[in-house]
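Participant: can you look at this prediction? I've put the sequence above it.
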Amino acid sequence: MTVLGCADSRVPPEVLFDRGFGDLFTVRSAGEVLDDAVVGSIEYGVEHVGTPLVAILGHAQCGAVAAAIDTVNGEGHLEGDISSLVRDVEASVRATPADSDADAFLAACVATQARRVATMLLERSEIVRDAVEHHGVQVVTAVYELETGQVNRLD
C-alpha cells in the first residue's frame, strides 16, 4: 500500500495499519498537500513498487487545515513557504459547508481535503490514473482519529 499522510508525527502509518517497517510505501506532507515530489513519489510506489492501493490519510486536528481555516477567516499570519502550503489547503476549507461548531468544521475540512487530494492526484497523474483504470489499483480516502486511534474510510 502507498500511503500519503500528513507529516504530523502523531500519525505513523505503520502503526495505524499494523504493518512493519518497509511494508508500506509512505509519503508524507503537511496537510497531504500535493506537489511534484509528492505526486512523483506516489507514482513511484504505484508503478515501480507495485502497490495496489493508494490511501490518502487525513487526521483529526490537522494543523495545516486549521491554519488554512484561520487564513480564510482572516486570522493569523504565515511567512515563508508555509503560506504556500496553507494556500493549497484553502480550497478545501472554502468548499466545506460552514458549521458553527469549530471542531466539527475542522473535521469536515480534514475530510474534504483528503477527498480533494485524491481527486487532484487522479487529475494530475497519468500513471496513477492508468493504474486505476487498467491495473486494478484503488485510491481511497480516510481520516485517522487521534483520540481513538481509529482509521475511518471516507469513500
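Facilitator: Here it is on my side, so go on.
Participant: for this structure, what spans make up the strands?
Facilitator: 2-5, 25-28, 53-59, 138-144, 151-153 (DSSP state E).
Participant: can you give me the distance of His134 to Phe21?
Facilitator: Applying CB to CB, to the nearest Å, the value for His134 to Phe21 is 31 Å. No exception for glycine: its C-beta is placed from N, CA and C like everyone else's.
Participant: in CSV: the strands of the chain, plus distance to Val128.
Facilitator: What follows is the strands of the chain, written out as CSV (distance: least, CB to CB, whole Å):
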stretch, distance to Val128
strand 2-5, 9
strand 25-28, 12
strand 53-59, 7
strand 138-144, 7
strand 151-153, 19
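Participant: redo these as CSV? Include mean neighbour count and mean pLDDT.
Facilitator: Output for the strands of the chain, formatted as CSV (neighbours: other CB atoms under 10 Å; pLDDT from 0 to 100):
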stretch, mean neighbour count, mean pLDDT
strand 2-5, 26, 96
strand 25-28, 20, 96
strand 53-59, 24, 97
strand 138-144, 20, 97
strand 151-153, 13, 95
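Participant: what number of residues lie near the nearest residue to Val89 once chain neighbours are set aside?
Facilitator: Here the nearest residue to Val89 in space, its sequence neighbours aside, is Ala68; by CB to CB, 6 or more residues apart in numbering that works out to 3.8 Å. Counted by other CB atoms under 10 Å, the residues lying close to Ala68 total 27.
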